[in-house]
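# Sequence first, then the predicted structure, then my questions.
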Amino acid sequence: MAIAGDMGRENLNTWKNKVNHCIDEAKEKLFLLSKDIWSSPEIAYEEKLAHDRLVRFFSEEKGWQVESHYKLDTAFRATWGPFGGKDGDNVVNVGFLCEYDALPGIGHACGHNLIAEVGAAAAIGLKGVLESESNSPVRVKVTVLGTPAEEDGGGKIDLILAGAFEGMDVVFMAHPSQEDAVYLPDMAVHDVNVKYHGKASHAAAYPWEGVNALDAAVIAYNNLSALRQQLKPDWRLHGIIKHGGLKPNIIPAYSELEFYLRTPNRDLSCLRAKAEMCFRSAAMATGCQVDIMFAKHEYHNILRNTTLDQLYEENGRTLGMQFTTDQNVLNTPSGSTDFGNVSYVVPGIHPYFYIGSDALNHTEEYTAASGAEEAQFYTLRTAKALAMTAVDVLLRPDLLKEVKEEFAQGVFCEQAVSKSAPPAGAASVPH
Ligand SMILES: NCCCC[C@H](NC(=O)CCN)C(=O)O
C-alpha cells in the first residue's frame, strides 16, 4: 500500500508514536474516567452518571464540541475538527464509539467502562497527533459517539435510525475479552419476552379451579430445551424464568420468560418461528393466554472488514499484542453486539482485547478485573492500536477507498443471501 504524497513510512511512524505519546500523557485522567463509570454501574438506557461523566470529560478537553443527551437521553456526541488538508477538501470523519452500560446485579461484568475508556483514549490520541502535525494531507473530523444500551435494547440501532452515523467514514471500538482477537464471530440476536396469563386458586383446597401460568412457563422452557438438540451447532437459544409465581399455595396466575435467540447471520426468521411454536404450544397445553413480544430491535452479526482488521493486527503487533490463534476461540460464537448493525451502515472494526485476567465475561470476577489497575495497560494499548489504524486510513492514499469497497461488497453479498432465504413465519419452518 502506498503512503500519502510526500509522507513516507517514517512520517507514518512519527504520527503513530505521537498518538501513543498523547494517550500515555492522558493515562491518569483516562483511568479516573473509567473507574468512575465502573464505580456506579447503570443498566441499559439508565446510564445517567456515565453519560454525565463522559460529557464532563470531553467538555474539559480543549477543542471538542460536546452534545449531551444526543438523540437519546443517555447518548452523547463529541466532535473535533475539521482540521488539516485544504479548504474544500472532502472531510474524512473518523468515529470512535463508547459503551458504558452495565449488567443488572453484577455491575461492569462485561467491562463497558473500559470500552468507554478505549473510545475516549483513541479519540484523544488521534486529535493530539493531528493538532501537533500541522501538515495533515487530509481534512479530518473526529467524532466520539456515546452509545448506550448494548446489553439490552440496542442503543446503536436507535442512533442509526436517528441518523447519528450519517457522514461517518469509518468507525472503531473494542471490547474486553480473555484474549486479543481482531475479530470474533458475534451473532445476530433477537430477544423475546413471553407472558402467560392463567388463573389463581388455592393450590390445595381447589386446584382444579386454577390455570397454572408457571406450568406454561416450565413447559415452554422444556420445549425449547428439546428444540435445542435439533438446532445447528452454532445457533444459540437460552433464557430465564423472570416471574414464576408468588407462593406455593397460590396457583400462579402469571409467569414471564425472557429468551435470546441467536444465529450466526442476520436471518433469524427460522429460529424465531420454531421458538414461537414452543411458546404457543405451552399455552395450549395449560389453557393460559400468551403474549409473545419480540424486542423492538434485532442485532445483526458483524460484517467483517478485513482491510481494517489487517491494519489493526499489524499495529497491535508492534505494540506487543499476541493475537490468539486458538481456532476454538476464533470460530466459536462470542455473543452479540449492536455494533453488528453499525457494521452494515459504516465500515468498522470491533476487536476484542485481553484485560490482564482469565476471568470470563458476565461474572463477578470479570467485574473486579474491569475495575483493576492491571487492565489499564491493555486498555490503553488497545486504544493506541485503534488510533494507529485510523492514522493508516488517513495517511495511506486509496486505503479508505479499499475499506469502503470491501464494505460495499460485503453489504451487497449479505443482502443477496437474505433475499434468497425463505420468508419468515411458521409455515416456512423446516422439519
Ligand atoms: N439483548 C441481547 C444483547 C446481548 C448482548 C451481549 N453482549 C455481549 O456479551 C458483548 C460481547 N459480544 C450478549 O451477547 O449477550
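It's in. The structure displayed is predicted, hence computed values, not measured ones.

# From now on I want contacts and neighbour counts done on CA atoms only, so please keep to that.
Noted.

# Tell me how far the residue nearest to the spatial centre of the chain lies from Asp152.
Taking C-alpha atoms, centre = their mean, the centroid of the chain lies closest to Thr337, which sits 3.5 Å from it. Between Thr337 and Asp152 the computed distance is 10 Å (C-alpha to C-alpha, to the nearest Å).

# Also Val142?
For Val142 relative to Asp152 (C-alpha to C-alpha), the value is 27 Å.

# out of those two, which sits in the busier spot?
Neighbour comparison, Val142 and Asp152: the larger count goes to Val142, with 23 against 18 (by other C-alpha atoms under 10 Å).

# contacting residues around that one?
Contact partners of Val142, counting by C-alpha atoms under 8 Å, 6 or more residues apart in numbering, are 79-82, 93-96, 123, 126-127.

# does it count as helix, strand or coil?
Assigned by DSSP: H, G, I helix; E, B strand; the rest coil, the conformation of Val142 is strand.

# Which strand residues bridge it?
Val142 forms beta bridges with Trp80, Val94, as assigned by DSSP bridges.

# pLDDT wise, what is it at?
For Val142, the pLDDT comes out at 98.

# what's the spacing between it and Glu61?
Relative to Glu61, and taking C-alpha to C-alpha, Val142 is found at 14 Å.

# just Gly95 next, same as before
For Gly95 relative to Glu61 (C-alpha to C-alpha), the value is 17 Å.

# Could you check which of these two is surrounded by more residues?
Gly95 (26 against 10).

# list the contacts for that one?
142-145, 168-172.

# Repeat the analysis, applying 7 Å as the threshold.
142-144, 168, 170-172 (C-alpha atoms under 7 Å, 6 or more residues apart in numbering).

# May I ask which of those has the most neighbours?
Busiest of these [other C-alpha under 10 Å] is Phe172, holding 28 neighbours.

# Test my guess that that one contacts Cys98.
No - the criterion here is C-alpha atoms under 7 Å, and Phe172 misses it with Cys98 at 9.4 Å.

# Spell out which residues of the chain are next to the ligand.
151-153, 186, 191, 334-337 (C-alpha under 6 Å from any ligand atom).

# do you know how far the nearest residue to His362 once chain neighbours are set aside is from Gly239?
Distance criterion C-alpha to C-alpha, 6 or more residues apart in numbering; nearest residue to His362, sequence neighbours excluded, is Ala109 at 4.6 Å. To Gly239, Ala109 is 19 Å away according to C-alpha to C-alpha.

# Those two: which is more packed in?
A count of neighbours by other C-alpha under 10 Å puts Ala109 above the other of Ala109 and Gly239, at 27 against 16.

# pLDDT at that one, what is it?
So, for Ala109, pLDDT stands at 98.

# need the contact list for it.
102-103, 361-364, 366-367.

# in a helix, that's where it is, yeah?
No - counting by three-state DSSP, Ala109 is not found in a helix; it is coil.
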